[in-house]
Structures are given as structure tokens and as C-alpha cells.
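**Q** Provided below for reference: sequence and predicted model.
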Amino acid sequence: MKKLLLALVCSAVSPLAFADLYNQNVTAIYGSGNPNGGWATDSGSGITLALRAKNRNTGATPNVNGVYSFATGFSSPANNRALWNYEFSINSGSSFLGAYDYYLSIDTNPALNVSFTTISPLLAFGDNSYGTAVTLNGQGAEGPAANFIGSNSIAQNSQNIFFIGLNPLLNATYNYDLFAVTSGAGVNGTRLASVAMQVVVGTGGTAVPDAASTSLLIGLGLAGLVGLRRSRRA
């Protein structure tokens, strides 16, 4: 499996410009029992990208213009997973997924300061769900990207902050940014489509004077924990 950690960028910035459209329906082909609604989406060059955050217990996607809000805490007393998952959808349209490269920037800093770890989600996660425009809810095929990107146009997954060592009990603010570039253009290539969202947990994160050092440690922990698998039911 490829290493999860591709780039770590620590910065204190204003909130991202989010999506073109909010609360859109995108067929959830991963797992089972997942709702199709509540996505923030952006389209460009025939590509449609989507992000959302979802309550693991109820399937609710409470948000205002791409800012999702959840309580602190665990999804059940029996595990340490956060109450919510963050989820992505990549749809390459009339081309197969392999025609482009995709990057997902994950904020690992619970404070208002944004500290992004940027990964290639198709390479980082070995259990993405793949399909096409006719794949039904929950019917995606799972496995390594190499087996699917040459014959499928949709990739999706659902993740939990617990698996990268973040504390579900903290008041926090996390940002997520998903974008597509021409194949081989790299993480700094011209964006063909880009969508972002923000997740506010509890009362939200607070500003801190120096988040870079702690973010670096969390980012390195993120790389080490990529092998953990997780349940992706609603």
C-alpha cells in the first residue's frame, strides 16, 4: 500500500471557499444504508467532486452552506469512533478515473488554525468503493485502485478522525479540500474541479499561537495509522 502522507502544510488561514452547490444528492455506492443527500459538490472539466460529513448513527448531514455541525463524543459506548464521518465522492464523468489525479487535504488541527495533510485518496485507502453512473446505492466494488481506475468512473469512501489519532471529545474545527488535476500535474497543478467543506465539532476550535509543531506530530501519526480498517455503515 502506498504511504498515506504526501504533503504536510501548516498554516493559519481564513476559512476556505467551499462548494458551488450544497445539499446535493449523490448516490452513495459504499457500505450499506447510507443516504444519498447532504453533499457539497463542485463540477469542472466533466468531473464532479463531492464532500460531506454524516452522523454515523442517524445518517443526518446537518450543514449550512457546507459547514457541518456535530456534537462531541463517540458514535457508541463500545468504540472510540467520532459521532461523525467525513466522506468523499469522485466522479470522472465520461472518462475513467485514471484520466486524472485527485488529492484530498485533511485538516489535522482541532484549533482554528488550518494544518493540512494532503493525500491521494485513491492510493491511500485500499478499500474505496468503485462504480459507474449505473451503480446503485451500496453496490460499489471495493479494493485497490489499480484494479478499478481503468474501468470505473466513480470512487467513494467514508472515514473517521479516530483512525488518524484525533480526539472525538474535543471542541474542534476541521477543514477538508478535495480537488482534481490533470494526470501527472502534481499537487500544485491547475485544479480542474475543487470542493471544500468545514466540520464544527461542539463549540468549535479556538485560535492558538503555534499549531505547527503539534500538527506535524499528528500528521506523522496519520501516516502510521493508514492500515486501520473501519466500518462505514450509516
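**A** The structure has been received and is ready for your questions.
**Q** G93 and S45: what is the separation?
**A** Applying Cβ to Cβ, to the nearest Å, the value for G93 to S45 is 8 Å. (Glycine included, C-beta is placed from N, CA and C.)
**Q** oh sorry, the question was meant for A19
**A** 16 Å.
**Q** Neighbour count: these two, which is higher?
**A** For the pair A19 and S45, the greater number of neighbours falls to A19 (24 against 16), based on other Cβ atoms under 10 Å.
**Q** Mind pulling up the pLDDT for that one?
**A** A19 is assigned 72 on the pLDDT scale.
**Q** got the contact list for it?
**A** Contacts for A19 (Cβ atoms under 8 Å, 6 or more residues apart in numbering) come out as A40, T41, D42, L51, G66, V195, A196, M197.
**Q** where along the chain do the strands fall?
**A** Here the chain has its strands, by DSSP state E, at 7-11, 21-24, 39-44, 47-55, 63-64, 67-70, 84-91, 100-107, 114-119, 129-131, 141-142, 154-159, 172-182, 193-201.
**Q** neighbouring contacts of the third one?
**A** Pointing back at strand 39-44 there. 18-26, 48-52, 61, 63, 66, 89, 180, 191-197.
**Q** Separate out the buried members of those residues.
**A** The neighbour count (16 or more other Cβ atoms under 10 Å) marks 18-19, 22-24, 26, 48-52, 61, 63, 66, 89, 180, 191-197 as buried among the contacts of strand 39-44.
**Q** which parts of stretch 85-101 are buried?
**A** Buried positions in stretch 85-101, judged by neighbour count with 16+ other Cβ under 10 Å: 85-93, 97-101.
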